[in-house]
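Q: following is a predicted model, sequence given first.
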Amino acid sequence: MAKIIDGKALAAQVKARCAAGAVGLARRPGLAVILVGDDPASRVYVSGKERDCAECGFLSFEHKLPTDTTEQELLGLIDRLNGDGAVDGILVQLPLPAHLNEEKVLNAIAPDKDVDCFHPVNVGRMVTGQPVFLPCTPAGVMEMLRSYEIPVAGRHCVVLGRSNIVGKPMATLLLAQSGTVTICHSKTPDLAAFTRQADILVSAVGRTGLVRADMVKEGAVVIDVAMNRNAEGKLCGDVDFAAVEQKASYITPVPGGVGPMTRAMLMENLLTAAKHHQGQ
């Protein structure tokens, strides 16, 4: 029976650490959140980030824009926030309406305020081992492994998914800790042949029931990054939790696993940015 990795409790510890780390600053860290349109899920995520800021004693500045906001208007707002001394981090809530160029918008954020770590400059720093910020979800997974004293070095780490937000940076951070990394994706034949080799299995695909018990090695560490809804509308991940829990040594639940850690690591990036802007 696996030990459950409690992301909610660990996230509370990270946020407490961030609050303590900001005590000596001349001003409170400030996060500007841009929400374009009225997507209900995005609204929930933005509200959660605002609560996290409040818990840490940080400031949050919400900029809610109508769905028909032009790209020029959005880029103009980002430019103003880049120059705003009260703003340490800028977050554009995704997805954006279809008429807006997501890549162009994200690349407009100044690298020193890119607390999501999406800008090519920050991605390059991470890949070359010179990070200023780390992508929030993969960083949250690494914090889980560290906190639960789960070794990475020399172990076979299999990552399901190759997105720029999770899959690719997750593989990079595991490699940086001397893990032997395999990335699997939609074109990978015989997926189970790879997952059964994993000492640490990270699934970030977004497909309910993808990872079955027969695909997991006895004693593996299973990290479920996905956030799906099953046929009954209940939140779940990629992993058949009840069955895989019987074989794994550690497992993350959905909800209450990686999700809270993603938001907590955003606060850590924001604190890092604030210290940098204040010369600390």
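A: Noted; the coordinates are in hand. Residues are numbered from 1 along each chain as shown.
Q: tell me where the protein has strands.
A: Using DSSP state E, the strands found in the chain span residues 3-4, 30-36, 59-65, 89-92, 156-160, 180-184, 200-203, 221-224, 228-229, 235-236, 250-251.
Q: C-alpha coordinates for the third one, PDB please?
A: Put plainly, it is strand 59-65. Output in PDB follows, covering the C-alpha atoms of strand 59-65 (Å, rounded to 0.1, in the frame of the first residue of the first chain):
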ATOM      1  CA  LEU A  59      -0.100  41.900  -2.900                       C
ATOM      2  CA  SER A  60      -2.200  40.800  -5.900                       C
ATOM      3  CA  PHE A  61      -3.400  43.100  -8.700                       C
ATOM      4  CA  GLU A  62      -6.100  41.700 -10.900                       C
ATOM      5  CA  HIS A  63      -6.600  43.000 -14.400                       C
ATOM      6  CA  LYS A  64      -9.900  41.500 -15.900                       C
ATOM      7  CA  LEU A  65     -10.300  42.200 -19.600                       C
END
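Q: what residues sit buried inside that strand?
A: For strand 59-65, a neighbour-count test (16 or more other C-beta atoms under 10 Å) marks 59-61, 63 as buried. Quick note: C-beta positions are derived from backbone N, CA and C, even for glycine.
Q: right, and the strands of the chain - which one's nearest Arg125?
A: With C-beta to C-beta as the criterion, Arg125 lies closest to strand 89-92 of the strands of the chain, at 16.1 Å.
Q: neighbouring contacts of that closest one?
A: Contacts to strand 89-92, defined as C-beta atoms under 8 Å, 6 or more residues apart in numbering, come from residues 29-34, 36, 49, 74, 78, 81-82, 105-106, 109-110, 113-116, 266, 269-270, 273.
Q: run me through the strand neighbours of it, direction for each.
A: Strand pairing for strand 89-92, using DSSP bridges, gives strand 30-36 (parallel).
Q: alpha carbons of the strand it pairs with, as CSV, please.
A: Below are the C-alpha coordinates for strand 30-36, written out as CSV (Å, rounded to 0.1, in the frame of the first residue of the first chain):
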residue,chain,number,x,y,z
GLY,A,30,3.3,42.0,-5.9
LEU,A,31,1.7,39.8,-8.5
ALA,A,32,-0.3,41.1,-11.4
VAL,A,33,-2.8,38.6,-12.8
ILE,A,34,-4.4,39.2,-16.2
LEU,A,35,-7.6,37.4,-17.0
VAL,A,36,-9.1,37.8,-20.5
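Q: of the contacts of strand 89-92, buried ones?
A: For the contacts of strand 89-92, a burial check counting by 16+ other C-beta under 10 Å picks out 29-34, 36, 49, 74, 78, 81-82, 105-106, 109-110, 113-116, 266, 269-270, 273.
Q: in the chain, which residue is most central in space?
A: Nearest residue to the geometric centre of the chain (C-alpha atoms, centre = their mean): Thr137, 1.9 Å.
Q: now do the same end-to-end measure for stretch 127-138.
A: Taking C-alpha to C-alpha, to the nearest Å as the measure, stretch 127-138 stretches 13 Å from start to finish.
Q: buried sites along that stretch?
A: Neighbour count says stretch 127-138 has 131-138 buried, by 16+ other C-beta under 10 Å.
Q: one step back: which one of the buried residues of strand 59-65 sits closest to Gly259?
A: Closest to Gly259, out of all of the buried residues of strand 59-65 and judged by C-beta to C-beta, is Ser60, at 18.7 Å.
Q: distance-wise, check the nearest residue to the closest one once chain neighbours are set aside relative to Val33.
A: Leaving out its chain neighbours, the residue that sits closest to Ser60 by C-beta to C-beta, 6 or more residues apart in numbering is Cys53, at 4.1 Å. Cys53 sits 9 Å away from Val33, taking C-beta to C-beta, to the nearest Å as the criterion.
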